[in-house]
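> Sequence and predicted structure below; questions after.
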Amino acid sequence: MKIPSNLTMVLLILTISCPVSSQGMGGGPVTKNKQTLWFSGNNHSFDTNNNMEAIQPVAYIPPVWGNALRQKGFDLPLPFGMGVNFIALNQTNEISNLVVSAQGIEIPFDVQFRNTRSTDINLTFRLDMCILPFINVYGIAGYTSGRVSPDILVPATTMDVPIIGQIEISSPITFRETLQYFGSTFGYGLTLAGGFKSIFISVDYNQTWTHLNIAPDALRTMTMAPRIGLLLDASMSRGHGALWMGAMVINYHQTFLGSVPVEDIDPELISILGNDLDYSLDLGNSTPWNFILGGSWIISKRMNLMLEAGVGDRFQILTGFDVRL
């Protein structure tokens, strides 16, 4: 591959970089003559005199053009990373397309759902690589668990009796059904980022598939998060820091299957409906977007610790630790 001209490389460095802090970690600030050109999530480590340590990557390629850029005086982030992320979130869901059946026969129900907020916990392991100075790709593997406990409002059950007409055989009732789910998660992602001096911008996109114990198919989730932030001066401390703000969109849609004991609804209905009511329903989040605020303590060029919170209808806490090579 042809190495770009000096002007092309300078424009490249000034406009784009590796990730700042996606749903994981990324690279670091690119510098020349100790002036930060752009920032991408990790950083340089410092000695007691706040001078940069000469930490070498395990390989000079990737990123593409990496060795040429280093020879021209650019200090690139280390190209390989591995990290652990933990996220807990609470959000409102939309439940629709409910189908209820008893003994294999569908029963029409005009059911309403309330209190449909779910709580989810996700632990993931991440491997990433800077393929270009401004592009980071990564893979995700982890475990997801959660629960949602909606209040289900069931209208009165009626029966059409000859001559008499419609009669009510059960009164309207409300009961709570808890769905607990768990499963393995796998996915991939891509981060683009760039900036100038201490200001950076990044956009992270990933897709994951979670194989839940109560769903016939894998739950597919798309996440995208644009961020803008500031690299903090390390003159008063050992290591760098960063603060950022942005937004995050999470989209998912899944069909869940389950059953409810008829005895919990009305024991007198067991002779009519059997012991269990089977159901299927579609579940998705009602408000995909929320705002995010975060920060990181960049311990050294090889280590990064971050914390991020999401506010809005979806509340989330994300923390992660990243090691770079």
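Looks like it arrived, so ask away. Numbering: from 1, shown residues only.

> Please state the offset of the strand or helix carrying Asp128 from the chain centre?
Secondary structure assignment for Asp128, by DSSP states H and E: strand 117-132. From the chain centre to the centre of strand 117-132 is a distance of 6 Å (Cα atoms, centre = their mean, to the nearest Å).

> Just confirm Pro216 is within a helix.
No - Pro216 is assigned coil when assessed by DSSP: H, G, I helix; E, B strand; the rest coil, not a helix.

> just checking, it touches Leu257?
Yes - taking contacts as Cβ atoms under 8 Å, Pro216 lies within contact range of Leu257: 6.7 Å. C-beta: built from backbone N, CA, C; applies to glycine.

> who's more crowded, the two?
Leu257 (13 against 10; other Cβ atoms under 10 Å).

> and the gap between the more buried one and Gly274?
17 Å (Cβ to Cβ, to the nearest Å).

> what residue ranges in the stretch 101-250 of the chain are flagged as low confidence?
Along the stretch 101-250 of the chain, the model assigns pLDDT under 70 to residues 109, 157, 159, 161, 169-170, 234-239.

> how does it look with 90?
101-116, 130-135, 148-180, 193-200, 214-217, 230-242 (pLDDT under 90).

> so where do the strands sit in it?
105-107, 112-114, 117-132, 135-148, 151-154, 157-161, 165-170, 173-176, 179-196, 199-212, 219-232, 240-261 (DSSP state E, counting those that start in this stretch).

> Which of those sits closest to Phe315?
strand 117-132 (9.7 Å; Cβ to Cβ).

> Tell me which residue lies farthest from the centre of this protein.
Ile163 (59.1 Å; Cα atoms, centre = their mean).

> Reformat the strands of the stretch 101-250 of the chain into CSV and put distance to Pro63 next to each item.
Shown next, in CSV, are these (distance: least, Cβ to Cβ, whole Å):
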stretch, distance to Pro63
strand 105-107, 57
strand 112-114, 49
strand 117-132, 4
strand 135-148, 8
strand 151-154, 52
strand 157-161, 65
strand 165-170, 67
strand 173-176, 52
strand 179-196, 13
strand 199-212, 16
strand 219-232, 20
strand 240-261, 20
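
> Which one, of those, ends up nearest to Asp313?
strand 117-132 (9.1 Å).

> Summarise which helices and strands that closest one is packed against.
strand 80-102, strand 135-148 (3 or more Cβ pairs under 8 Å, 6 or more residues apart in numbering; DSSP states H and E).

> Between those strands, which one is closest to Arg302.
strand 80-102 (9.4 Å).

> Sheet-wise, list the partners of the closest one with their directions.
If you go by DSSP bridges, strand 80-102 pairs up with strand 105-107 (antiparallel), strand 117-132 (antiparallel), strand 276-285 (antiparallel), strand 315-324 (antiparallel).

> a markdown table please, covering the ones you listed and showing distance to Gly183 and mean neighbour count.
A markdown table is the format used below for those (distance: least, Cβ to Cβ, whole Å; neighbours: other Cβ atoms under 10 Å):
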| stretch | distance to Gly183 | mean neighbour count |
| --- | --- | --- |
| strand 105-107 | 28 | 11 |
| strand 117-132 | 11 | 18 |
| strand 276-285 | 14 | 18 |
| strand 315-324 | 19 | 19 |
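
> among those strands, which is nearest Ile201?
strand 117-132 (16.3 Å).

> what's the angle between the closest one and strand 219-232?
60 degrees (axes from the mean of the first three to the mean of the last three Cα atoms, to 10 degrees).

> export strand 117-132 as CSV, just CAs?
Extracted in CSV, the C-alpha atoms of strand 117-132 (Å, rounded to 0.1, in the frame of the first residue of the first chain):
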residue,chain,number,x,y,z
ARG,A,117,-39.5,-1.5,33.1
SER,A,118,-36.8,-4.0,32.9
THR,A,119,-33.4,-4.3,34.7
ASP,A,120,-30.5,-5.8,32.8
ILE,A,121,-26.9,-6.6,33.7
ASN,A,122,-24.3,-7.3,31.1
LEU,A,123,-20.6,-8.4,31.5
THR,A,124,-18.5,-8.6,28.4
PHE,A,125,-14.9,-9.3,27.3
ARG,A,126,-13.6,-7.3,24.4
LEU,A,127,-10.7,-7.5,22.0
ASP,A,128,-10.0,-4.6,19.7
MET,A,129,-7.5,-3.5,17.1
CYS,A,130,-6.7,-0.2,15.3
ILE,A,131,-6.8,-1.1,11.6
LEU,A,132,-6.2,2.6,10.7
